[in-house]
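have a look at this fold, sequence not included:
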């Protein structure tokens, strides 16, 4: 199945992700599904899921065959297919054996303001797209980008509530800032005394902070 023609044109911009919905029939599952994107420059760029059975073209592997019996949204970044900045004028939907149904095809940009922070993540924590990657909303010495990269909460200085800031856990102590008890021994990271000095990490961290405040 394919679409092609002048009315089907759309441009793929920096950061765009291509998507398409597919339904695979459980009683006749294909070994491979492929999306072929044609551009106005004459190039055809291909992405496939499943076994590499359609081999007479250049192509990029994306993932395994999705589960049958339900609609699945396939996604592939435009950059991985060399489509950024290209104008598309056609798409072919291909199978190796099996049956399928196809639905909406389109694109979206997960980071519309190009700040390195996915829009969905920004809206979840900040409620808007006004924060920057270099900002430090919770003043814990981690930038918003570092919070995203470390899966910490950018609006809480202590994501796991163990008495240590996310920065201290990552760069000073080496514990997991998303787990109250990193080693699973039933004692919170902030209450451990691993070196036997009778001072917990939380107490030492508070002492260091106090010194900075009085200096």
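That came through fine. Model, not experiment: these values are computed from the prediction. Residues are numbered from 1 along each chain as shown.

centroid-nearest residue for the protein?
Most central in the chain under C-alpha atoms, centre = their mean is residue 118, positioned 7.7 Å from the mean C-alpha point.

right, and it touches residue 108 too?
No - using C-beta atoms under 8 Å as the test, residue 118 is too far from residue 108 to be in contact (11.2 Å). C-betas here are computed from N, CA, C, even on glycine.

how about the helices in this protein?
In the chain, the helices defined using DSSP state H lie at 119-126, 144-149, 166-167, 201-214.

circling back: mind listing what the nearest residue to the residue nearest to the centre of the chain once chain neighbours are set aside touches?
Excluding its sequence neighbours, the residue lying closest to residue 118 (C-beta to C-beta, 6 or more residues apart in numbering) is residue 110, at 4.9 Å. Residue 110 makes contact with 15, 17, 118, 119, 120, according to C-beta atoms under 8 Å, 6 or more residues apart in numbering.

what's the spacing between residue 110 and residue 186?
The spacing between residue 110 and residue 186, counted by C-beta to C-beta, to the nearest Å, is 39 Å.

what about residue 115, neighbour count?
17 (other C-beta atoms under 10 Å).

ok, back up a step: quick one: residues contacting the residue nearest to the centre of the chain.
Per C-beta under 8 Å, 6+ apart, neighbours of residue 118: 110, 111, 148.

looking at those, spot the one nearest residue 156.
Proximity of the contacts of residue 118 to residue 156 (C-beta to C-beta) peaks at residue 148, which lies at 13.8 Å.

and that closest one, how far from residue 28?
Residue 148 is 42 Å from residue 28, by C-beta to C-beta.

tell me which of those two has more neighbours.
Neighbour tally, residue 148 and residue 28, criterion other C-beta under 10 Å: the higher count belongs to residue 148, 18 against 12.

name all residues that make contact with that one.
116, 117, 118, 121, 154.

try 7 Å
Applying C-beta atoms under 7 Å, 6 or more residues apart in numbering to residue 148 gives the contacts 117, 121.

what do you get for the one 5 residues further on?
Contacts for residue 153 (C-beta under 7 Å, 6+ apart) come out as 125, 159.
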